[in-house]
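Colleague: Sequence first, then the predicted structure:
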Amino acid sequence: MKTVFMGTPEFSANVLRDLCAAGYTPAAVVTTPDKPAGRGYETKPSAVKRFAVSQGLPVYQPDKLSDTEFLKILKNTEPDIIIVVAYGKLLPETVLTLPKFGCINAHASILPKYRGAAPMQRAIMNCETETGVTVMQMEKGLDTGDIIHVLKTPISDTDTLETVHDKLAILSGQALIDVLGMLEKGTAVFTAQDPELATYADKIRKEDEIIDFSEDSKKISAKIRALTPFPYAYSTFCGKKIKVTRAETIDSLVSAKPGTVLAVAKDYIEIACGNGALKVYEVFPESKRKMPVRDFINGSKISVGDLFGI
RNA sequence: CGCGGGGUAGAGCAGCUCGGUUAGCUCGUCGGGCUCAUAACCCGGAGGUCAGGAGGUUCAAAUCCCCUCCCCGCAA
């Protein structure tokens, strides 16, 4: 089976690595162009590009997939199938229909739920207890193709975006390897998605990152975990942003105004929420480094009664 | 030349605006005490060329001016 791999971030790179290890080394790798990013606008190659280059695989970075030069190259590569994992752009019809088996995509949710840009974050944020990866046959719509294979995994209340991301990257590799085997043997079964059950996972916006202490502590915890280790959920303290990078919930009856500091202990501070409280262990103050709350306490003279969120 | 914050003992910070006694605070660490005991409390100690520049200004610079290096946030 001759394959072409398309992907961009770390997630894709992990999957690509697993595919290569399983003997499905692609004939070509396609990723988005290097863009200026980060402080000082330095251009950095994508994680997929870095891996592909390290393996000596040919890499293509077309601005547009409909570019005729690129299409010619793609056609000459003669892939049997194109594997797409978090590439970052929609594929035009010409590409979708080019390979014999078309294009397949591994999506980080149990479709038809959480179609779209941020399935892992949204699933954690919504306190889902289960997630997974779906491999589907791609078609024009966004994440609407027929389902070929699904692998599931539970989400615990200590999982973060980081842990779920890593788990699903592994599952994606497995699922794709399974599917490639099925296609080779002709045993693959295609099941249409039920559009009635579809939900969308919008990308994370600025306001999604703000902690609202009037919410239930469990929701706040879920938000924090959904955005760890990037970009992190934040609140404000003394007029400055402060990200909360590690916390857990406490079930207790709290009557204090949400955001109030209820306790300052040695290694944590307790903050009142709309329902219950949040025990914060690690923070990331604006312009500073990520630090244990203990350090923050030492330097900030925070005390019981102070307010977060203002 | 995208915008902004910052580099002061092992850690987190204050001091800098309006230069001037032994550079302070919280914690850690070491020693001692109290205690049945302790991560609690009390007493005491060590530890800083204040990022770097045989720079500038000055009687005097962590504090003002100039240059370099490094770290971080935002935005992408």
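Modeller: Arrived safely.

Colleague: got the contact list for the closest residue to RNA strand B within the stretch 51-200 of chain A?
Modeller: Taking C-beta to the nearest atom of the strand, RNA strand B has its nearest neighbour within the stretch 51-200 of chain A at A:Gly88, 12.1 Å off. No exception for glycine: its C-beta is placed from N, CA and C like everyone else's. By C-beta atoms under 8 Å, 6 or more residues apart in numbering, the contact list for A:Gly88 reads A:8-9, A:32.

Colleague: Could you measure from it over to A:Met182?
Modeller: For A:Gly88, the distance to A:Met182 equals 27 Å [C-beta to C-beta, to the nearest Å].

Colleague: On the three-state scheme, the residue nearest the centre of chain A is what?
Modeller: With distances taken as C-alpha atoms, centre = their mean, the residue of chain A nearest its centroid is A:Met120 (5.0 Å). With DSSP: H, G, I helix; E, B strand; the rest coil as the basis, A:Met120 sits in helix.

Colleague: Surely it and A:Ala108 touch.
Modeller: Yes: A:Met120 is in contact with A:Ala108 according to C-beta atoms under 8 Å; the separation is 5.2 Å.

Colleague: Name the residues contacting each of these two.
Modeller: Between them, A:Met120 and A:Ala108 share these contacting residues under C-beta under 8 Å, 6+ apart: A:131, A:165, A:168.

Colleague: Buried residues in stretch A:227-241, which are they?
Modeller: Residues A:227-228, A:232-237 are the ones in stretch A:227-241 that count as buried (16 or more other C-beta atoms under 10 Å).

Colleague: Verify the stated contact: A:Leu57 with A:Leu19.
Modeller: No: in this structure A:Leu57 lies outside contact range of A:Leu19 using C-beta under 8 Å: 11.1 Å.

Colleague: Show me which of those two is the more surrounded one.
Modeller: For A:Leu57 and A:Leu19, the more surrounded residue by other C-beta atoms under 10 Å is A:Leu19, and the numbers stand at 21 against 18.

Colleague: For the helix or strand harbouring the more buried one, buried residues please.
Modeller: A:Leu19 is part of helix A:10-21 when elements are defined by DSSP states H and E. For helix A:10-21, the neighbour count (16+ other C-beta under 10 Å) marks A:10-20 as buried.

Colleague: for chain A, what's the longest strand?
Modeller: Identified as the longest strand of chain A according to DSSP state E is strand A:240-250.

Colleague: residues in contact with it?
Modeller: Contacts of strand A:240-250 from elsewhere in the structure, counted by C-beta under 8 Å, 6+ apart, are A:211, A:217-218, A:220-221, A:224, A:228-229, A:232-236, A:270, A:276-286, A:290, A:308.

Colleague: A:Ser172 - how many residues pack around it?
Modeller: 28.

Colleague: quick one, phi/psi of it?
Modeller: Summarising the backbone geometry of A:Ser172 under the convention degrees, to the nearest 10, its torsions are phi -60, psi -40.

Colleague: my guess is it meets A:Ile104, correct?
Modeller: No: the pair A:Ser172 / A:Ile104 is not scored as a contact, 11.2 Å apart, by C-beta under 8 Å.

Colleague: circling back to that earlier point, turn the buried residues of stretch A:227-241 into a markdown table, columns for distance to RNA strand B, pLDDT and secondary structure.
Modeller: Formatted as a markdown table, the buried residues of stretch A:227-241 follow (distance: C-beta to the nearest atom of the strand, whole Å; pLDDT from 0 to 100; DSSP: H, G, I helix; E, B strand; the rest coil):
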| residue | distance to RNA strand B | pLDDT | secondary structure |
| --- | --- | --- | --- |
| A:Leu227 | 10 | 93 | coil |
| A:Thr228 | 12 | 88 | coil |
| A:Tyr232 | 7 | 91 | coil |
| A:Ala233 | 11 | 92 | strand |
| A:Tyr234 | 8 | 91 | strand |
| A:Ser235 | 13 | 91 | strand |
| A:Thr236 | 12 | 88 | strand |
| A:Phe237 | 12 | 87 | strand |
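
Colleague: Can you check the pLDDT for the residue of the stretch 51-200 of chain A closest to RNA strand B?
Modeller: At A:Gly88 the predicted local distance difference test score is 85.

Colleague: now A:Val254
Modeller: The model reports A:Val254 with a pLDDT of 83.

Colleague: what's the helix or strand for it?
Modeller: Per DSSP H and E: nothing holds A:Val254, as it lies in no helix or strand.

Colleague: distance of it from A:Phe213?
Modeller: Following C-beta to C-beta, the distance that separates A:Val254 from A:Phe213 is 10 Å.

Colleague: same question, A:Lys279
Modeller: If you measure A:Lys279 against A:Phe213 using C-beta to C-beta, the figure is 13 Å.
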